[in-house]
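[1] Provide a 3D model corresponding to the input given below.
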Amino acid sequence: MHGTVGAMSAPPFRADLRVFVEQRWVGLADLQGLEREYLDEVLRQPRVSCCSFVGGFFIDVGGVAFSGEDSVDEFWMTWSWFFALDKLLDGADEAQAAPWEESAMKLWRHGDVLALEDRSASGTPVTPRVEVELHPFSRSLARQGLEFLAWGERLLALLDARSPPVPASVRLEFERALRLPRDIVDRVAAKSGL
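    Below you'll find the model as predicted:
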């Protein structure tokens, strides 16, 4: 579904931050109580690296899937949404995000409407261009970003309580993946009215 740039209201959206756990995509609300399972799954991998931590925003706009399991990647890439939204909420007309490895997503602000189109690194569109209301969309992502950071802190606390302790190199990979910049999420939350 394509909206009209600058339309009075954009179609409804649904954005869910999901994490890949036990061979399925699990939303934040359903991650409660799965912390140990998640830790065990990651620790079973032959080598724990940044690629061990996969998740991102699954977004549907007006009944059209904008992003899903083929367009999310490592947690740190998901944070590019917040840097782009922060720039737009500061008044920029355009920003870029890269929530997955081959992404060169473009975001445009037209008043209170945010247009999104994901493109490949070569510039070819890989999603339909969709529109959402900037502030509600930003609030939704910021709220979930803050919930994700809290979940990450719970995971790190459980990791630190393990006996025997995990090797320092493994602990460092968990910390790098889960301790993402909170200040950018706080800024998006404040600017969007969360």
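[2] rest of the way, CA atoms for contacts and neighbours
    Fine.
[3] what's the distance between the longest helix seen in the chain and the middle of its chain?
    Among the elements of the chain assigned as helix by DSSP state H, the one spanning the most residues is helix 134-160. The chain centroid and the centroid of helix 134-160 are separated by 9 Å under Cα atoms, centre = their mean, to the nearest Å.
[4] Next, the angle helix 134-160 makes with the helix or strand just after it.
    Next along the chain after helix 134-160, taking DSSP states H and E as the criterion, comes helix 168-178. Helix 168-178 and helix 134-160 are oriented at 160 degrees to each other (axes from the mean of the first three to the mean of the last three Cα atoms, to 10 degrees).
[5] which residues are contacting helix 168-178?
    Residues from elsewhere that reach helix 168-178 (Cα atoms under 8 Å, 6 or more residues apart in numbering): V48, S49, C50, F53, F75, W76, L149, G152, E153, L156, L159.
[6] can we see that at 10 Å?
    Applying Cα atoms under 10 Å, 6 or more residues apart in numbering, the external contacts of helix 168-178 come out as 39, 42-43, 47-54, 74-76, 148-156, 159-160, 165-166.
[7] sorry, back to before: average pLDDT for the longest helix of the chain, rounded please.
    On average, the pLDDT along helix 134-160 is 97.
[8] in that helix, what counts as buried?
    Burial within helix 134-160, assessed by neighbour count using 16 or more other Cα atoms under 10 Å, is assigned to 134-142, 144-145, 148-149, 151-152, 154-156, 159.
[9] Now the terminal residues of stretch 106-117, how far apart.
    With Cα to Cα, to the nearest Å applied, stretch 106-117 spans 5 Å between its terminal residues.
[10] Which positions in that stretch come out as buried?
    For stretch 106-117, using 16+ other Cα under 10 Å, the buried residues are K106, L107, W108, R109, H110, D112, V113, L114, A115, L116, E117.
[11] got JSON lines for those residues, with secondary structure and pLDDT too?
    Shown next, in JSON lines, are the buried residues of stretch 106-117 (DSSP: H, G, I helix; E, B strand; the rest coil; pLDDT from 0 to 100):
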{"residue": "K106", "secondary structure": "strand", "pLDDT": "95"}
{"residue": "L107", "secondary structure": "strand", "pLDDT": "97"}
{"residue": "W108", "secondary structure": "strand", "pLDDT": "98"}
{"residue": "R109", "secondary structure": "strand", "pLDDT": "98"}
{"residue": "H110", "secondary structure": "strand", "pLDDT": "96"}
{"residue": "D112", "secondary structure": "coil", "pLDDT": "96"}
{"residue": "V113", "secondary structure": "strand", "pLDDT": "97"}
{"residue": "L114", "secondary structure": "strand", "pLDDT": "98"}
{"residue": "A115", "secondary structure": "strand", "pLDDT": "97"}
{"residue": "L116", "secondary structure": "strand", "pLDDT": "96"}
{"residue": "E117", "secondary structure": "strand", "pLDDT": "96"}
